[in-house]
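Undergrad: Provided below for reference: sequence and predicted model.
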Amino acid sequence: MFTNCFKNNDNLSVNKDRNISNVEIALFIDQIKSNIWLFGIPSWLFGITDRSIAAFADGYLSPIEIFQLLTASFFFLSWLYLKPDESFNSNDLGPNEYQEYLARTQANKLQVKKLHMISQEYILPFPYICQIYHLLNLRHLETVHSFSLNNLKIFQISHFQPTKIGGIIKFQTILDSPGNALRIWRQPIVEVDLILHTPYTVELSIPVYNDKRIIVIFHAFPLNDLEHHFFIDIYSDLEWPKPLLQIILHFASCLTLFEDLPYLRALTDKNIGRLFNLSRTSNHEAALLFKRYVELYGSTGEPIKLLEGEEES
């Protein structure tokens, strides 16, 4: 999800020697898992056979013996189900290819772990679709968040691309106030990405100085008609002290959520369903991503249709 947003992070990649070491450890652990699983099969079979012979020795099965046999059989089937994943092993790929795959996977995991700054989790007493409408409406950056963003302005939609299950919109924002605190993070004019990944996941990618970015991942999952589970994860490759950056991001995230609450409450009191009626959806360019959501999912979060000729990016 973050590969395209952090193209220039060569300094976060692990070196070759560390990759080789990680590959060797991963291969060793995979081999141990496979050996334990294979050794367990004859062990379970021996145990079931031994219990069966003992149970039938007197020609009578007691309830306890039946229970023991059923329990042993259940655990044996469970053991078979726990077979280690063989999607990427040395039988499917050549040794060099497998080591290459593991090295890349280990490096990506390490990079994502380093980039992750904070996580926040809330249960909000508002319908899920209110949150989706708010996240995908660009104008809310100017209105709902006018205080925290210090009157940030959107002055141009530069790109819009529908995908098979969502879409991407790029828009330019301007900090027209010389006293805007956001100048600490970014240039006065930058191009921001807003991406609808799934019916429940939205990404906001903000460029900062020196090709660095702050990426906010929102997950909104409906609990019932009146509540939703809301997750916020923030990633960044800013070279600030991580504890300081985490404090600032926690504060900023809490402030913007506090601004959201009155608006989400007002949406709940309205007939929010009408906003998800395609015939009534605004054609304004700031609402293009929201309109795309309505085309695909309506107000249910379930796919309505997939438009022909579209390809997932």
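TA: Alright, I've got the coordinates. Residues are numbered from 1 along each chain as shown.
Undergrad: what's the nearest residue to residue 233 if we skip its chain neighbours?
TA: residue 217 (4.5 Å; C-beta to C-beta, 6 or more residues apart in numbering). All C-beta spots, glycine's among them, are computed from the backbone N, C-alpha and C.
Undergrad: next one: residue 115
TA: Spatial nearest neighbour of residue 115, chain neighbours left out: residue 235 (4.4 Å); criterion: C-beta to C-beta, 6+ apart.
Undergrad: Tell me how far the one you found lies from residue 248.
TA: As judged by C-beta to C-beta, to the nearest Å, residue 235 and residue 248 stand 14 Å apart.
Undergrad: Over to residue 200?
TA: Noted for residue 200: a distance of 27 Å to residue 248, by C-beta to C-beta.
Undergrad: and if you look at residue 201?
TA: 24 Å.
Undergrad: helix or strand for residue 288, which one?
TA: Using DSSP states H and E, residue 288 sits within helix 288-297.
Undergrad: Could you give me the buried positions within that helix?
TA: Within helix 288-297, the residues that qualify as buried are 288, 289, 290, 291, 292, 293, 294, 295, 296, 297, counting by 16 or more other C-beta atoms under 10 Å.
Undergrad: Please apply the same query to stretch 121-133.
TA: 124, 126, 127, 128, 129, 130, 131, 132, 133.
Undergrad: contacting residues for the first one?
TA: The one in question is residue 124. 131, 227, 228, 230, 261, 264 (C-beta atoms under 8 Å, 6 or more residues apart in numbering).
Undergrad: do that again at 10 Å, thanks
TA: The contact partners of residue 124, by C-beta atoms under 10 Å, 6 or more residues apart in numbering, come to 130-131, 220, 223, 226-230, 257, 260-261, 264-265, 268.
Undergrad: buried subset of these?
TA: Here, 16+ other C-beta under 10 Å leaves 130, 131, 220, 228, 229, 230, 257, 260, 264 buried among those.
Undergrad: Sweet, I'm off.
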